[in-house]
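Peer 1: only geometry, no sequence info:
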């Protein structure tokens, strides 16, 4: 499964524009849609193999070692391998960045490895730093050693395609386009995007949430949650200080918009003459019934996003220590692969009760967040 940060409904909107000022953007969006279909066909089998065995029976924090990278890439990316019998080193990232040189051939040429000096290419360094920031959140906040919980090397390819309007996780690596320069800039510029995409890998190795309907929207929402937390953790921001924006800085100055999505206020991220208004619903009363985009996974994810943001802000402090810990406990617990919003909400309340207590401010805030967005009824979660 290919997980892209720019939803297909937004690419389709750009592709259909007849604005003479956006010819390049429209062409780039069309290519991105075609490339997405092509990559889906090429990678589906590999992604299915890497996800096999991952699911709700995975022990918390351990993950499942899948084929998320080839053996040669694992050896190439790993800098921490020691002699047999030696005490294991403390978890640390193992990053390798490749350059596709504006082709669609993966992985491209290696341009930076773990511990090497910064590149003269800003895009390479942003990818490297974003992978590191994501590793740091998972290791420092949750005790997780990389995406699979077992030190998986982190691979990324930059300069993918010609003016490619997207970034994605394909079950093996992160892939970044440079954007078309009219609607989107470079996709390495947003650390929340990098955290989001890599977190699809965490879901792949833990809950394995089906990418359809409400379970698919939860898959997207967990990635948004963790993408926001990667940025907050990097900046040492409290929940009250955070913007709760996903993809802030991706749009060029020509677009009237702040980001791809707002977690705290779904539907408010952009309102542009060409792109239209951000269509994400903020509560169940406005849930979008559709067969597009795997049943609206990028649309309806706004509902659990808002529940999380409201809870985190109500609790206060660093969100990764409270609500974020509860969401991590939930995704690594015994969650059904087809869990709907209500099942996930009840699971978070149960996880918070286990960790913080039923009468804790954390559990009360999490329950209230789900009630506010209409997923739970007041008192339904105990």
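Peer 2: Cool, got the structure. It should be emphasised that the depicted structure is a prediction, and the values quoted were computed from it without experimental measurement.
Peer 1: can you show me the strands along the stretch 201-350 of the chain?
Peer 2: 245-246, 261-262, 271-272, 276-277 (DSSP state E, counting those that start in this stretch).
Peer 1: what's the closest of the ones you listed to residue 116?
Peer 2: Checking these against residue 116 by C-beta to C-beta gives strand 245-246 as the closest, at 29.7 Å. For glycine as for every other residue, the C-beta is placed from the backbone atoms N, C-alpha and C.
Peer 1: the closest one packs against which elements?
Peer 2: helix 191-205, helix 213-235, strand 261-262 (3 or more C-beta pairs under 8 Å, 6 or more residues apart in numbering; DSSP states H and E).
Peer 1: need those in JSON lines (columns: mean pLDDT).
Peer 2: Shown next, in JSON lines, are the helices and strands packed on strand 245-246 (pLDDT from 0 to 100):
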{"stretch": "helix 191-205", "mean pLDDT": "97"}
{"stretch": "helix 213-235", "mean pLDDT": "98"}
{"stretch": "strand 261-262", "mean pLDDT": "98"}
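Peer 1: using TSV, lay out these together with distance to residue 25 and mean neighbour count.
Peer 2: Formatted as TSV, the helices and strands packed on strand 245-246 follow (distance: least, C-beta to C-beta, whole Å; neighbours: other C-beta atoms under 10 Å):
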stretch	distance to residue 25	mean neighbour count
helix 191-205	18	28
helix 213-235	24	26
strand 261-262	19	28
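Peer 1: ok, back up a step: right, so the strands of the stretch 201-350 of the chain: which one is the most enclosed?
Peer 2: Among the strands of the stretch 201-350 of the chain, strand 261-262 has the highest mean neighbour count (mean count of other C-beta atoms under 10 Å), at a mean of 28.
Peer 1: how far away from the center of its chain is that strand?
Peer 2: 13 Å (C-alpha atoms, centre = their mean, to the nearest Å).
Peer 1: please enumerate the strands of the stretch 1-150 of the chain.
Peer 2: Counting by DSSP E, counting those that start in this stretch, the strands of the stretch 1-150 of the chain are 3-4, 95-99, 109-113.
Peer 1: surely residue 265 and residue 280 touch.
Peer 2: No: checked against C-beta atoms under 8 Å, the pair residue 265 and residue 280 is beyond contact range at 9.3 Å.
Peer 1: neighbour count winner among the two?
Peer 2: Using other C-beta atoms under 10 Å, the more surrounded residue of residue 265 and residue 280 is residue 280, with 26 against 17.
Peer 1: just give the closest residue to the more buried one, not the sequence neighbours.
Peer 2: residue 302 (3.4 Å; C-beta to C-beta, 6 or more residues apart in numbering).
Peer 1: hang on, isn't that neighbour packed against residue 284?
Peer 2: No: when contacts are counted by C-beta under 8 Å, residue 302 is not listed as touching residue 284 (10.9 Å).
Peer 1: which one's more surrounded, those two?
Peer 2: residue 302 (32 against 15).
Peer 1: ok, the more buried one to residue 103 distance?
Peer 2: 35 Å (C-beta to C-beta, to the nearest Å).
Peer 1: residues contacting the residue nearest to residue 363 when sequence neighbours are not counted?
Peer 2: When the adjacent residues along the chain are set aside, residue 363 lies closest to residue 352, with 4.2 Å between them (C-beta to C-beta, 6+ apart). Going by C-beta atoms under 8 Å, 6 or more residues apart in numbering, residue 352 touches 326, 360, 362-363, 366.
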